Structure formats: structure tokens, C-alpha cells
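>>> kindly return the folded structure for what I paste below:
(one chain, ligands or ions: 1)
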Amino acid sequence: MTSVKNSPAIALTIAGSEATGGAGAQADLKTFQELGVFGIAALTCIVSFDPKKSWNHRFVPVEPQVIADQLEAITAAYQPDQLDTVKIGMLGTPQTIETVATALGNRPWKQVVLDPVLICKGQEPGAALDTDLALKEQILPLATFVTPNHFESLSLSGMAEISTTDQLAEAAQRIHDSCGAVVLVKGGVRLDGPDAVDVFYDGHTLEMLKTPKVGDVAVSGAGCSLAAAIAAELAKGAKPLDAARTAKAFVTTAIRARVGSKAPFDAVWQGSR
Ligand code: PXL
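Numbering: from 1, shown residues only. From the prediction side, this is the model:
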């Protein structure tokens with residue numbers, strides 16, 4: 001390895017491409033860059049919304065072998081003492097999940113931040129039960145930090161309803177108890193009230209992170225950027241709660257600076273600071 005003074009922290013995202021640039025690997029890399037972290041991406045799928053059909057999801061998985069090849073190249077280039085932090089975003093199929101789980105198992109990771117993307121905006125809940133199950137069985141046990149949104153928190157906690165901050169806290173505890181990872185459940189715009197509330201729980205500390213809601217509509221890339229910011233901060237050596245606080249502030253700023261387009265969702269802008 002060529003040794004360079006002051007080399008940056010490095011983080012990997014394993015995620016899908018979202019062609020309009022709001023979400024997925026694009027959001028992750030912008031976030032890494034903005035937080036001073038050298039970003040690497042292994043692409044799992046290509047999402048292109050269809051403007052002819054109400055911007056529905058068009059989804060093409062990357063061949064499992066090509067995913068394995070990307071991860072082989074990345075892990076051969078960057079050894080565990082240089083790259084120990086990975087963020088996992090959209091995987092999309094059981095085959096992809098199997099491939100990623102196998103590749104991750106080939107070496108130690110200090111931090112595995114999982115954004116458990118079960119469905120995307122525009123997809124029907126329950127569209128991909130086999131994928132949800134595979135994610136829970138094969139990827140969740142590898143996670144050291146998990147960032148479910150409201151819908152994903154219902155699924156992972158088994159709760160029938162999450163409409164209060166107390167229920168959000170219960171979900172965080174249940175999810176932690178079931179998988180052992182540090183949990184940040186995101187209430188986002190789904191809970192009533194003036195604040196966007198997230199609950200952090202690591203088995204000891206339960207903390208509500210609150211910021212005034214920026215609007216009442218979800219913005220594309222907010223969840224991706226939040227998990228990516230957590231991974232970036234962890235890669236730089238932050239403690240989990242500090243990483244969560246920094247990430248929440250970072251995403252709130254990015255939501256305020258959002259970019260509009262002809263697509264139905266505005267996109268977060270990480271570069272306004
Ligand atoms: O926001 C979840 C998400 C993650 N990754 C990709 C996506 C989306 C939602 O559109 O397309 C690639």
C-alpha cells in the first residue's frame with residue numbers, strides 16, 4: 001500500500017443506483033464526501049422511475065456475480081485496517097442478499113450500518129416478502145447499527161401500530177432486543193406533532209432526537225443520507241450516539257436545502273452547508 005499522510009477515513013456503501021440522484025448510492029457518496037470520508041460504492045441494482053407511468057419503480061438487479069466481483073475488488077484493495085465500515089442500503093432480491101451476506105462474511109467489519117430498505121416509495125407494502133425475510137435472516141444479524149423507518153419499524157418490531165413517541169421507543173427496544181444492533185428508529189413525518197422524532201437505543205441509553213419538521217412530505221434520499229452519515233461518522237471514530245446526533249443534524253440541513261424537479265419527490269441536497 002502506498003502510505004499517504006493524513007489519508008481520510010474510508011467507508012463503503014452497498015446500495016442501489018437511483019437514477020435521478022436523490023436516493024441510493026448517489027446520496028450515500030455525496031454524504032460521505034460532505035463529511036470528509038472517502039466513499040466507495042458497490043452497486044446492487046439500478047432503479048429508474050418511469051415518468052410515463054406515474055414515476056413507478058423500474059428495478060433491475062445487478063448480476064450476483066458482478067456484485068461479488070465489485071466486493072472482491074474493494075476488499076482486496078482496502079484491507080480491514082483501512083476499511084472497516086460498511087453501509088448497506090437497497091439490496092432488492094434474495095439472490096443479492098445471499099451474495100452480499102456471503103461477501104461480508106469473508107472478513108471482519110467493525111461497523112455494519114443497515115438501512116433496512118424493505119420497499120421504496122411507490123412500491124406496495126408486501127410486494128417482496130421473500131426479500132424482507134431474507135434481509136431479516138441473513139443481513140440483520142450482521143448489522144451493528146440499524147436505521148428502520150416507520151414502516152420498517154413495524155415490520156421489524158412486530159408491533160401493530162406506532163403512532164406515539166412511546167411506541168417508537170418501544171419499537172427501538174424491541175428491535176435492539178431481537179438483533180443486538182444499535183437502533184435508530186425514524187418517526188419522520190409519519191408521527192403527528194411539530195417535530196421529526198427519532199429514537200436511539202443501544203441497550204443502555206434511550207434517547208429521543210427531535211428536530212422541528214421541515215415539511216409534511218418525505219424527501220427522497222433522507223433515509224439513505226442519514227444512514228450514510230452515521231457510517232461516515234463511525235468511520236471517523238465517533239461513538240454511536242454522537243454519530244446519530246450528527247447525522248440527524250446533517251440530514252435536517254439537507255432536507256431544508258432540498259432540490260425540486262418534475263419527479264414527485266424533492267431530493268435532499270447534502271452540499272448546502
Ligand atoms: O429511499 C430508499 C431507496 C434506496 N435505494 C434506492 C432507491 C430508494 C428509493 O427510491 O431507489 C436505489
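
>>> SS state for residue 81?
coil (DSSP: H, G, I helix; E, B strand; the rest coil).

>>> now residue 183
Criterion first, three-state DSSP; result for residue 183: strand.

>>> surely it meets residue 176?
Yes. Applying C-beta atoms under 8 Å as the test, residue 183 and residue 176 come out as touching, 4.7 Å apart. From N, CA and C alone the C-beta is placed, and that goes for glycine too.

>>> and for these two, which residues touch both?
Jointly contacting residue 183 and residue 176 under the rule C-beta atoms under 8 Å, 6 or more residues apart in numbering are 201, 202.

>>> between these two, tell me which one has more neighbours.
For residue 183 versus residue 176, the count of surrounding residues by other C-beta atoms under 10 Å is larger for residue 183: 31 against 21.

>>> helices of the stretch 151-273 of the chain, start to end?
With DSSP state H, counting those that start in this stretch as the criterion, the stretch 151-273 of the chain has helices at 165-179, 222-235, 240-256.

>>> between the two ends of stretch 145-162, what distance do you get?
This stretch, stretch 145-162, spans 21 Å end to end (C-alpha to C-alpha, to the nearest Å).

>>> closest to the ligand out of the helices of the stretch 151-273 of the chain?
Nearest of the helices of the stretch 151-273 of the chain to the ligand, taken as C-beta to the nearest ligand atom: helix 222-235 at 5.3 Å.

>>> report all helices and strands that that closest one contacts.
Helices and strands touching helix 222-235, by 3 or more C-beta pairs under 8 Å, 6 or more residues apart in numbering; DSSP states H and E, are strand 10-18, helix 24-34, strand 85-88, strand 111-114, strand 145-146, strand 182-186, helix 240-256.

>>> distance to the ligand added to the ones you listed, as a markdown table?
Formatted as a markdown table, those follow (distance: least, C-beta to the nearest ligand atom, whole Å):
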| stretch | distance to the ligand |
| --- | --- |
| strand 10-18 | 3 |
| helix 24-34 | 3 |
| strand 85-88 | 11 |
| strand 111-114 | 12 |
| strand 145-146 | 15 |
| strand 182-186 | 12 |
| helix 240-256 | 12 |
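
>>> TSV for these, including mean pLDDT?
Output for the helices and strands packed on helix 222-235, formatted as TSV (pLDDT from 0 to 100):
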stretch	mean pLDDT
strand 10-18	98
helix 24-34	98
strand 85-88	98
strand 111-114	98
strand 145-146	98
strand 182-186	98
helix 240-256	98
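
>>> return the most buried member of the helices of the stretch 151-273 of the chain.
Comparing the helices of the stretch 151-273 of the chain by mean neighbour count (mean count of other C-beta atoms under 10 Å), helix 222-235 ranks first with a mean of 29.

>>> quick one: contacts of stretch 157-174?
Residues from elsewhere that reach stretch 157-174 (C-beta under 8 Å, 6+ apart): 148, 150, 153-154, 156, 175, 178, 183-185, 187, 190-192, 197-201, 206, 208.

>>> that one: end-to-end distance?
Using C-alpha to C-alpha, the end-to-end distance of stretch 157-174 comes out at 6 Å.
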